[in-house]
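> Give me the fold of what follows.
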Amino acid sequence: MFSKWDIGVVLLTYGFFSTFTVSAQQQPATIMLSTNLSAMPAKCITLTQGRQCFASVTLRWQAPVKGNYCIYQEGKKQALDCWYNQQQNTTTFEFESSKSLQYKLVAYDQDQVIAHALIEVSWVHEASPRKRRWRLF
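Prediction:
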């Protein structure tokens, strides 16, 4: 015979383990589909083609499950920022580049890229192939 407290403990225990097993069984493909990484601003504009573009950029991410995540710039091995046992977060950094750069969110435990964000660099004037020589006389 069970008392009402025994049934509550059994249901609470069952609820904890069933929630845990659902999140533990998430496949990397499912995580990739529901993970979001966005950059704000997503476009950096410079005056002339080939010049450095400067902006303060915020990367915001959200994943379906808590985990260990890091953000990397494409082609670099050092992480911009990492979080442990988090489901969402933001990071702000100073962007400086003359070309568009891609950033990736990596599930650190699985060593797998699960989301991408692109910061596009554009310009107002194209670079002139001829040099201008100024003369006063």
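> what lines up beside the strand ranked longest in the chain in the sheet?
Determined from DSSP state E, the single longest strand within the chain is strand 53-73. Using DSSP bridges, strand 53-73 pairs in its sheet with strand 36-40 (antiparallel), strand 79-97 (antiparallel), strand 101-107 (antiparallel).
> Name all residues that make contact with Leu118.
Going by CB atoms under 8 Å, 6 or more residues apart in numbering, Leu118 touches 39, 42, 100-103. The way it works is simple: take the backbone N, C-alpha and C, and place the C-beta from them, glycine included.
> and it, what element?
strand 112-125 (DSSP states H and E).
> What is the distance between that strand and the centre of its chain?
Counting by CA atoms, centre = their mean, to the nearest Å, strand 112-125 is centred 11 Å from the centre of its parent chain.
> winner for burial among the strands paired with strand 53-73?
Each of the strands paired with strand 53-73 was scored by mean neighbour count; the highest is strand 101-107, a mean of 19, by mean count of other CB atoms under 10 Å.
> give me the number of residues near Ala55?
For Ala55, the tally of surrounding residues (other CB atoms under 10 Å) stands at 18.
> was I right about it contacting Met40?
No. The criterion here is CB atoms under 8 Å, and Ala55 misses it with Met40 at 9.9 Å.
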